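1. model this:
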Amino acid sequence: MKMGVCTTPWLSVSVPRRARPSVLRSSNFSMGRGLSQPGPGPQCAMPRRSPSWRRFAAFFACSGAFGWGAAGATEGPPRCGPHVAGLYLSAPFYEEEPEPHGLDLDMLQELQRRSGCELRSVVESRLRIWDQMRRGVLQLTLSSVITPERREVAEIHPYLQARFQLVLHGTATTGVQGIAHFDARPGLKLLGVRGYAYGPTFGAWAQRLREQGRLVEASDFQGAVRMFRAGRADGLIAAPSAIPEVKAAFQGTRPPRVLDPAPNERLLVGMALSLNLPEADRQRLRQALASMRQDGTLQSLIKRHFGDYGASVMLLRGD
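-> Next up is the predicted model:
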């Protein structure tokens, strides 16, 4: 007989697989693998099909285990969740091969452990993540660049700083040393990713090229790299952490060049919590992130995925 297992709800977390577009159902998550192991709280197995008296017996056994029907039972912590977090497939923030791993996944695990909130996750594009945040389908996302538009639907708590660079490839870009040189050659096209927030310099530049019909956009960064490798555009906007992925795509050929048109521009990156979340739940997640920063856990996680140098330049110091 197949059995379903009910566990203490605030300790259950699912490791994501790629979700069907804009549909969040239990089938979207791999329930057999958790971000963290359940605690020693009560567990019970309930048959899917059984005589009615057995189903009632199983139900009351679960109810008693959770303190719903047991006289004098100690109440557990207030329930928080389940809340759904949007993950974006981009190394080293989140990758699925050879198995799910990345900074954002590690952070979700630690946020769950410290807050006591049940956090589930789904993989989507940046564009879809923020569309679903606006519609209340998703409740949080990590490693998100702060913009005024995003702050209309979420409170964002920064913990990283980031910037973007320009990657060039092909003989048509010979002699191009910056944005002005690129603009002066009408035949050149730029690649970007829909839904990305590129900051003042790159954001304004991408918008100008879009109006000129010179901006090519991909749905995710992996797709942008493939299009860049195939020669669909001459330049690609990429974060420094993503440059190795771009260069790896050109192994065996002439490597791309990297320019730094805005070396002093820094973007704040943080944890976004939907304004639709209960304030008590947001408070628990805020406190969890603050404790991760204070005790050095966040710095250790960044070092794990970006190395010592990456942690030194990306970790946001102070408030």
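2. If I look at the residue nearest to residue 214 when sequence neighbours are not counted, what pLDDT would I see?
-> The spatially closest residue to residue 214, leaving aside those adjacent along the chain, is residue 189, at 5.0 Å (CB to CB, 6 or more residues apart in numbering). For every residue, glycine as well, the C-beta is placed using N, CA and C. Looking at residue 189, its pLDDT reads 98.
3. For residue 189, grab phi and psi.
-> For residue 189, the backbone dihedrals (degrees, to the nearest 10) come out as phi -120, psi 150.
4. got a list of what it touches?
-> Going by CB atoms under 8 Å, 6 or more residues apart in numbering, residue 189 touches 209, 214, 215, 216, 232, 233, 234, 235.
5. Then residue 153?
-> Neighbours of residue 153 in contact, by CB under 8 Å, 6+ apart: 130, 133, 134, 274, 275.
6. For the protein, which segments count as helices?
-> Using DSSP state H, the helices of the chain run over 52-66, 103-115, 126-134, 148-151, 179-183, 199-211, 221-229, 243-248, 279-294, 297-314.
7. contact partners of the longest one?
-> Residues lying outside helix 297-314 but in contact with it, judged by CB under 8 Å, 6+ apart, are 92-93, 102-103, 106-107, 110, 159-162, 241, 289, 291-292, 315.
8. Would you convert the helices of the chain into JSON lines that also reports mean pLDDT?
-> Listed next are the helices of the chain as JSON lines, based on pLDDT from 0 to 100:
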{"stretch": "helix 52-66", "mean pLDDT": "36"}
{"stretch": "helix 103-115", "mean pLDDT": "98"}
{"stretch": "helix 126-134", "mean pLDDT": "96"}
{"stretch": "helix 148-151", "mean pLDDT": "96"}
{"stretch": "helix 179-183", "mean pLDDT": "98"}
{"stretch": "helix 199-211", "mean pLDDT": "97"}
{"stretch": "helix 221-229", "mean pLDDT": "95"}
{"stretch": "helix 243-248", "mean pLDDT": "92"}
{"stretch": "helix 279-294", "mean pLDDT": "98"}
{"stretch": "helix 297-314", "mean pLDDT": "92"}
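9. In JSON lines, list those along with distance to residue 193 and mean neighbour count.
-> Supplementary listing: the helices of the chain in JSON lines, determined by distance: least, CB to CB, whole Å; neighbours: other CB atoms under 10 Å:
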{"stretch": "helix 52-66", "distance to residue 193": "44", "mean neighbour count": "14"}
{"stretch": "helix 103-115", "distance to residue 193": "17", "mean neighbour count": "21"}
{"stretch": "helix 126-134", "distance to residue 193": "7", "mean neighbour count": "20"}
{"stretch": "helix 148-151", "distance to residue 193": "16", "mean neighbour count": "12"}
{"stretch": "helix 179-183", "distance to residue 193": "18", "mean neighbour count": "16"}
{"stretch": "helix 199-211", "distance to residue 193": "10", "mean neighbour count": "16"}
{"stretch": "helix 221-229", "distance to residue 193": "5", "mean neighbour count": "19"}
{"stretch": "helix 243-248", "distance to residue 193": "13", "mean neighbour count": "14"}
{"stretch": "helix 279-294", "distance to residue 193": "26", "mean neighbour count": "17"}
{"stretch": "helix 297-314", "distance to residue 193": "19", "mean neighbour count": "16"}
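10. okay, those in a markdown table with distance to residue 80 next?
-> As requested, the helices of the chain are exported to a markdown table (distance: least, CB to CB, whole Å):
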| stretch | distance to residue 80 |
| --- | --- |
| helix 52-66 | 15 |
| helix 103-115 | 6 |
| helix 126-134 | 18 |
| helix 148-151 | 23 |
| helix 179-183 | 46 |
| helix 199-211 | 33 |
| helix 221-229 | 32 |
| helix 243-248 | 35 |
| helix 279-294 | 5 |
| helix 297-314 | 20 |
